[in-house]
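**Student:** structure for this input, please:
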Amino acid sequence: MANNKDARITIAMECTSCIQKEIGGKSAGICRYTTRKNRRNTPTRLELKKYCFLCHKHTSHRESKK
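**Tutor:** All right, here's what the predicted structure looks like:
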């Protein structure tokens, strides 16, 4: 059985430049990736460079809020 306190969790990552392009409170489109991280080794928010298909370049992607 799966334990609620598992070390590895699934997180969603959002493009930071797409979030800043929000127009009138609505998002122009946010590029999201899903990945897994170890909760014990990286308790802070994860930030990686990934390819954003809406910006057409590599941008910083940050772990989103749940």
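
**Student:** geometric centre of the chain: which residue is closest?
**Tutor:** Taking CA atoms, centre = their mean, the centroid of the chain lies closest to Met13, which sits 0.9 Å from it.

**Student:** show me what the helix or strand where that one lies is packed up against.
**Tutor:** Element membership for Met13, per DSSP states H and E: strand 8-15. Contact analysis of strand 8-15 by 3 or more CB pairs under 8 Å, 6 or more residues apart in numbering; DSSP states H and E lists strand 32-38, strand 47-52, strand 57-63 as its packing neighbours. To be clear about C-beta, it is placed using only N, CA and C from the backbone, and glycine gets the same treatment.

**Student:** between those, which one is nearest to Asp6?
**Tutor:** strand 32-38 (9.6 Å; CB to CB).

**Student:** where does the chain have its least confident helix or strand?
**Tutor:** Ranked by mean pLDDT, DSSP states H and E, the weakest helix or strand in the chain is helix 16-20, scoring a mean of 76.

**Student:** coming back round to it: the residue nearest to the centre of the chain: what's it in contact with?
**Tutor:** Met13 is in contact with 32-35, 46, 48, 50, 61-64, counting by CB atoms under 8 Å, 6 or more residues apart in numbering.

**Student:** just the buried members of the residues you listed?
**Tutor:** Buried residues within the contacts of Met13, defined by neighbour count using 16 or more other CB atoms under 10 Å: 50, 61, 63.

**Student:** hmm, back to that, if the residue nearest to the centre of the chain is in a bridge, with which residues?
**Tutor:** Tyr33, Glu63 (DSSP bridges).

**Student:** measure it to Lys5 for me?
**Tutor:** 23 Å (CB to CB, to the nearest Å).

**Student:** swap in Thr16?
**Tutor:** Here Thr16 is placed at a distance of 30 Å from Lys5 (CB to CB).

**Student:** look at these two and report which has more neighbours.
**Tutor:** Using other CB atoms under 10 Å as the criterion, Thr16 and Lys5 rank with Thr16 on top: 14 against 7.
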